[in-house]
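> make a model of this:
(2 chains)
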2 protein chains.
Amino acid sequence: MTAPFILSLDAMGGDYAPEIVVKGAAIARTRYPSAHFLFFGDEAKIKPLLIADKALSACSTIRHTDHVITNDAKPSQAIRQGRQSSMWKAIEAVKNGEAGGVVSAGNTGALMAMAKLIMRPLPGIDRPAICGLFPTRIGETCMLDLGANAVCDARNLVEFAIMGECFARAILGLERPSVGLLNIGSEDVKGTDSLREASQILRSSHLDMEFKGFIEGDDITAGTVDVVVTDGFTGNVALKTAEGTAKLFSFLLKSAIKSSWLAMFGMIFAKPVISQVMARTDARRYNGALFVGLNGVVVKSHGGTDAVGFANAIGVAVDMIARDLNAKIAAELARIAAEQATPEFKEAVGAGVAPQ
Amino acid sequence: MTAPFILSLDAMGGDYAPEIVVKGAAIARTRYPSAHFLFFGDEAKIKPLLIADKALSACSTIRHTDHVITNDAKPSQAIRQGRQSSMWKAIEAVKNGEAGGVVSAGNTGALMAMAKLIMRPLPGIDRPAICGLFPTRIGETCMLDLGANAVCDARNLVEFAIMGECFARAILGLERPSVGLLNIGSEDVKGTDSLREASQILRSSHLDMEFKGFIEGDDITAGTVDVVVTDGFTGNVALKTAEGTAKLFSFLLKSAIKSSWLAMFGMIFAKPVISQVMARTDARRYNGALFVGLNGVVVKSHGGTDAVGFANAIGVAVDMIARDLNAKIAAELARIAAEQATPEFKEAVGAGVAPQ
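Residues are numbered from 1 along each chain as shown, chains lettered A, B, ... in the order given. Predicted coordinates:
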């Protein structure tokens, strides 16, 4: 991406804000030299961090606000009381056309609620979702919802499948991504009513989709499908369980190697390739989940990430702006509605997939 | 355990039955020389495998049956039509006092349904659950439910917390195990209604429990609590996601080392300690999940495991018999009911935790 573009950053969101937001932007600046950053938050805290980095200062603007959305704020409360917050202002900048996308490491529920209210969902989308990438044996897979909607019905899951497929086409560059529904068994009788109903709709509808049916937790990293569809509760637990397991593995490996002089000697030779594996499975590499289904680019960073992780979340926003994902999802929804939806299908899925 | 004891094995359950069942028993025999095995299944298939191992043959009995419960059988169907199956007969042997416990790698739903019908839940338990161990940074944690009850209400989750605490006392040898509810955020406003209600009951009741509130997916392997309580859908996905991530990690590591001569040389020195880590996170090591809350020992092996994994599942059954877990859970339930439950508590939790 060479054309100049502007990113809106919620400088006060996350466990280590505003430090990691500013330092993350500094890393991102070296990757995207034409980027400009709008920092929303407490100027007294942001300015000293910016002054230390002249190159970053030169492409940054601070928009001061005192108000911060806390991690324990309910979404409804954030919407009512948070209109002066760094999060709200950062999203508004995208809505107003001042920025191409927004990145926040703050309260996920509040961010989604505000984004829905300010940007509005795409025509035909009932529930926007959080979509992210996972490493697999053979490449990468995308999964949604990672936490926006704790309880989902069949129609929500069908919408996620459509949006996830568009995401995989745009981001993974696949011509015909395969889609699976996360369940606790691959047999048709397994799981909840919503899952069985969603499977029925995806199978019997005229959606031109490579639907592979039910998959299980170990299929995520096996790369069995390109798009893993699940409710936000299960997706969030799976994401964090995978992150925790990767951390455990690297912790045990490091401890074991430190415990033996012989192993430390051996690692002089093995380290380059082992470091590659660590980098490939590093949670920071996969930081930055996209809110799909909105009229605008909103990227959620992990709240506990560091500057490297935040820079990667900025990278996701840059990718989305460059590839114009939202226009592609909207076009796909329109295509489905125009070309393929039969009256039976429309009735089965409701108004959800037909542009309004 | 030195006294002779008898284990009942569903020789036809699992993807690679009866081979891995017989070979798993052969490995278990070397660990528990006083064990005797009752194999339930097709004699024509089991006998040739047994004949090859004289030592195992000497401590084994085959009980022939033609009928096998398939993986796609619904639990209700299995109960109605499966009374002559290897699974049913194997459970019945425990009920009849012929064996101390049963191990099956077959259809989980059918196994639980049959076990409930044949053995009956412990007094005061509404929903038996599947409980297993996970490796953590600091040791091991137990998690339930791993798949028996896809949808759970608050009362079910409270029961799981009580049973899980007993399991951790008995198996991990902890005096006061800590307990957490798996959620998508640690704040009180997060998650489903059932989770918030269960948290409320566990906090406000007179249960003498180290309840730590909500935990998240990455807390499982971090070892934040000793007992992770969740519904069977989420627990099953988390278990399999963790297994898949561990497999991905070891796959990437092996591929990376094979790609470099220098790394292969280095691994000559590092291999012993790295093998220890691989062994510690090997899914087979954690194979064998206990059905807690039943009048009898029932252990479920992963359907796709190998002989080493099946032998470990047999080991779980041996442990449970030796430590008399069910008697401890029953005693704990009685203690809670007798000493601590106030009328308010009984009302809040229902009759579920009071011995009938």
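> which one is the most centrally placed residue in chain A nearest to, not counting chain neighbours?
By CA atoms, centre = their mean, chain A has its centre lying nearest to A:A289, at 1.3 Å. Distances taken as CB to CB, 6 or more residues apart in numbering or on different chains put A:G132 closest to A:A289, at 3.8 Å, once the chain neighbours are dropped. The way it works is simple: take the backbone N, C-alpha and C, and place the C-beta from them, glycine included.
> that neighbour should be in a strand, yeah?
Yes. When DSSP: H, G, I helix; E, B strand; the rest coil is applied, A:G132 is found to be in a strand.
> pretty sure it contacts A:N236?
No. Contact criterion CB atoms under 8 Å: A:G132 and A:N236 do not qualify, at 10.3 Å.
> now the stretch 1-150 of chain A, which segments are flagged as low pLDDT?
Within the stretch 1-150 of chain A, the ranges that satisfy pLDDT under 70 run A:1-4.
> which bits of it sit near chain B?
A:71-72, A:74, A:108-109, A:135-137, A:147, A:150 (CB under 8 Å from any CB of the partner chain).
> buried only: go through these for me.
A:71, A:74, A:108-109, A:135-136, A:147, A:150 (16 or more other CB atoms under 10 Å in any protein chain shown).
> now render the residues you listed as TSV, adding secondary structure.
Formatted as TSV, those follow (three-state DSSP):
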residue	secondary structure
A:N71	coil
A:K74	coil
A:T108	helix
A:G109	helix
A:P135	strand
A:T136	coil
A:G147	coil
A:A150	coil
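> check those and tell me the two furthest apart.
Using CB to CB, these span at most 35.5 Å, a distance reached by A:K74 and A:T136.
> pretty sure A:L172 sits against A:D226.
Yes. A:L172 lies in contact with A:D226 (CB under 8 Å); the separation is 6.3 Å.
> neighbour count winner among the two?
Higher neighbour count among A:L172 and A:D226: A:D226, with 24 against 15, using other CB atoms under 10 Å in any protein chain shown.
> measure the more buried one to B:A242 for me?
Distance of A:D226 to B:A242, computed by CB to CB, to the nearest Å: 22 Å.
> over to A:F269?
30 Å.
> neighbour-wise, which of those two wins?
Shown here are A:F269 and B:A242; by other CB under 10 Å, B:A242 has more neighbours (29 against 19).
> element containing that one?
B:A242 is part of helix B:232-258 when elements are defined by DSSP states H and E.
> now that helix and helix A:232-258, what's the angle there?
If you take axes from the mean of the first three to the mean of the last three CA atoms, to 10 degrees, helix B:232-258 sits at 40 degrees to helix A:232-258.
> after helix B:232-258 comes which helix or strand?
For helix B:232-258, the succeeding helix or strand toward the C-terminus, using DSSP H and E, is helix B:261-281.
> quick check: buried residues in that next one?
B:263, B:266-267, B:269-271, B:273-274, B:276-278, B:281.
> the residues you listed also near chain A: which ones?
Okay, of these touching chain A (CB under 8 Å from any CB), that's B:263, B:266-267, B:269-271, B:273-274, B:276-277, B:281.
> I'd assumed A:V102 was in a strand, is it?
Yes. Under three-state DSSP, A:V102 falls within a strand.
> which residues of the stretch 51-200 of chain A fall in helices?
Using DSSP state H, counting those that start in this stretch, the helices of the stretch 51-200 of chain A run over A:54-58, A:75-81, A:86-95, A:108-119, A:154-171, A:193-204.
> give me the below-cutoff pLDDT ranges for the stretch 251-356 of chain A.
For the stretch 251-356 of chain A, the stretches flagged by pLDDT under 70 are A:336-356.
> if we go to 80?
For the stretch 251-356 of chain A, applying pLDDT under 80 flags the ranges A:267, A:269-270, A:274, A:278-283, A:332-356.
> what does it have sitting close to chain B?
Residues of the stretch 251-356 of chain A lying near chain B (CB under 8 Å from any CB): A:251-253, A:256-257, A:259-260, A:262-263, A:265-274, A:276-277, A:280-281.
> show me chain A divided up by domain.
A:5-120+A:294-323, A:131-283+A:328-353 (automatic domain parsing).
> out of the ones you listed, nearest to B:I329?
Across those, B:I329 has its closest neighbour in domain A:131-283+A:328-353 (24.6 Å, CB to CB).
> quick one: that closest one to chain centroid distance?
12 Å (CA atoms, centre = their mean, to the nearest Å).
> got the phi and psi for the nearest residue to A:V102 once chain neighbours are set aside?
Among residues not flanking A:V102 along the chain, A:S8 sits closest, at 4.2 Å (CB to CB, 6+ apart). Reported as degrees, to the nearest 10, the phi and psi values for A:S8 are phi -100, psi 120.
> again, but for A:A289
phi -110, psi 140.
> which residues are in contact with it?
Shown in contact with A:A289 (CB atoms under 8 Å, 6 or more residues apart in numbering or on different chains): A:130-132, A:146, A:299-300, A:316.
> and which of those residues is nearest chain B?
A:L146 (9.3 Å; CB to the nearest CB).
> ok, what's across the strand from the closest residue to that closest one other than its chain neighbours?
Closest residue to A:L146 apart from its sequence neighbours, by CB to CB, 6+ apart: A:I130 at 4.1 Å. With DSSP bridges applied, A:I130 shows beta-bridge pairing to A:F291.
> quick revisit: in a markdown table: the ones next to chain A among the buried residues of helix B:261-281, plus distance to B:G304.
Formatted as a markdown table, these follow (distance: CB to CB, whole Å):
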| residue | distance to B:G304 |
| --- | --- |
| B:A263 | 30 |
| B:G266 | 33 |
| B:M267 | 28 |
| B:F269 | 34 |
| B:A270 | 30 |
| B:K271 | 27 |
| B:V273 | 28 |
| B:I274 | 25 |
| B:Q276 | 24 |
| B:V277 | 23 |
| B:T281 | 17 |
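> sort out which one of the residues you listed lies nearest A:E159 for me.
The nearest one, if we look at those relative to A:E159 and count by CB to CB, is B:T281, at 36.6 Å.
> count the residues that sit near the nearest residue to that closest one once chain neighbours are set aside.
Nearest non-adjacent residue to B:T281, counting by CB to CB, 6+ apart: B:A246, 4.9 Å away. B:A246: 24 surrounding residues under other CB under 10 Å.
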